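# A structural model of the following input is requested.
(one chain, ligands or ions: 1)
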Amino acid sequence: MTEPLIDTHCHLVLLDERGLLHTALEGAAAAGVETIVTVGVDLEDSDRNREIAEAHANVWFTVGWDPQQSQPPDAAQRRALADLVQHPRAVAVGEVGLDLFFRPGYHETPLQVQQRSFLTMLELAAEFDKPVVIHDRDAHDEVIAALGHVPDVHGLMHCFTGDAVHMRRCVDRGFAVSFAGIVTFKHAGDIQEAASGVPADAYVVETDAPFLTPVPHRGTANLPERVADTAAKIAALRAEPEDEVRRRTTATARRVLRLPEPA
Ligand SMILES: [Zn+2]
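Modelled structure (predicted):
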């Protein structure tokens, strides 16, 4: 494989907490992952991701407030999020979105609270002209409805879990869909169908590391280098050469997240 890859979504702060930051960065470089986007879930986490991005030339960060947060950002937090999103290494607002997978210990934030957080963050993205990275778990219709309030906002549907029909809705709305390791799982037929049919310039790949380890590495912490396994699976599904998938997803990630070509 000669074409570089981009991991459009991982959590380097969480890998750092597990003592895996250097393993992650070295493994990515060895596997041809030229750029890593590390994603924030709240103000403090986004700021810690900023520190990692400042220390590593191939790492960029996002400024997020995820649907698990128990309250929308207050005025002071919103100002701090706005400051952070103007940082030269900040590429997007996210992750933000809606999550209707309610479980004790996972999260129990009411939908109405999530919707207020999501709208606040979508407006932040519009104000600073940034793409958004959207978290949608069991909330496809609700996410599309919320996007109706901000027609100029575009970006990525992170960890896409819809079928081919929802994929088409997202693409028609101007979003690229991002496939994570789930597309390699045995019972992911709907997602695999979406990956087979998505236009070649409308999807990217990600790991969501340390979560969602792809086949054949199940049972271990996920790492950015494993984005190669997801790209390989999509190439097989689309009956395309792996290098074609790598080239296309890298070009789309650069376009949507406005990433510069590496020096
Ligand atoms: Zn994530």
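# can you show me the strands along the stretch 51-200 of the chain?
Secondary structure of the stretch 51-200 of the chain (DSSP state E, counting those that start in this stretch): strands at 59-63, 90-99, 132-137, 155-158, 176-179.
# mean pLDDT, distance to Arg169 and mean neighbour count added to those, as JSON lines?
Where you see a C-beta, it was placed from the backbone N, CA and C, and this is true even at glycine. JSON lines is the format used below for the strands of the stretch 51-200 of the chain (pLDDT from 0 to 100; distance: least, C-beta to C-beta, whole Å; neighbours: other C-beta atoms under 10 Å):
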{"stretch": "strand 59-63", "mean pLDDT": "98", "distance to Arg169": "23", "mean neighbour count": "29"}
{"stretch": "strand 90-99", "mean pLDDT": "98", "distance to Arg169": "15", "mean neighbour count": "26"}
{"stretch": "strand 132-137", "mean pLDDT": "97", "distance to Arg169": "11", "mean neighbour count": "26"}
{"stretch": "strand 155-158", "mean pLDDT": "98", "distance to Arg169": "10", "mean neighbour count": "27"}
{"stretch": "strand 176-179", "mean pLDDT": "98", "distance to Arg169": "10", "mean neighbour count": "27"}
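# could you dump those to CSV with distance to Thr230?
Output for those, formatted as CSV (distance: least, C-beta to C-beta, whole Å):
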stretch, distance to Thr230
strand 59-63, 19
strand 90-99, 18
strand 132-137, 17
strand 155-158, 13
strand 176-179, 6
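# so for Pro241, which of the ones you listed sits nearest?
Ranking these by their distance to Pro241 (criterion: C-beta to C-beta) puts strand 176-179 first, at 17.2 Å.
# how far does the closest one sit from the chain's center?
Chain-centre distance of strand 176-179: 8 Å, with C-alpha atoms, centre = their mean, to the nearest Å.
# still on that earlier bit, between the strands of the stretch 51-200 of the chain, which one is closest to Arg255.
Among the strands of the stretch 51-200 of the chain, the nearest to Arg255 by C-beta to C-beta is strand 176-179 (8.4 Å).
# what about the nearest residue to Arg238 once chain neighbours are set aside, neighbour count?
In space, and not counting its chain neighbours, Arg238 is closest to Ser196: 5.7 Å by C-beta to C-beta, 6 or more residues apart in numbering. For Ser196, the count of nearby residues is 14 (other C-beta atoms under 10 Å).
# Ser196 contacts Leu237, correct?
Yes - using C-beta atoms under 8 Å, Ser196 is in contact with Leu237, at 4.8 Å.
# ok, which of the strands of the stretch 51-200 of the chain comes nearest Leu21?
For Leu21, the closest of those is strand 59-63, at 10.0 Å, according to C-beta to C-beta.
# what's the closest of the strands of the stretch 51-200 of the chain to Glu244?
With C-beta to C-beta as the criterion, Glu244 lies closest to strand 176-179 of the strands of the stretch 51-200 of the chain, at 15.1 Å.
# what lines up beside the closest one in the sheet?
If you go by DSSP bridges, strand 176-179 pairs up with strand 155-158 (parallel), strand 203-205 (parallel).
# mind putting these in a markdown table, distance to His166 included?
Below are those laid out as a markdown table (distance: least, C-beta to C-beta, whole Å):
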| stretch | distance to His166 |
| --- | --- |
| strand 155-158 | 9 |
| strand 203-205 | 13 |
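# among these, which comes closest to Leu98?
Among those, the nearest to Leu98 by C-beta to C-beta is strand 155-158 (11.9 Å).
# report the distance from the closest one to the chain centre.
For strand 155-158 - counting by C-alpha atoms, centre = their mean - the centre lies 6 Å from the chain centre.
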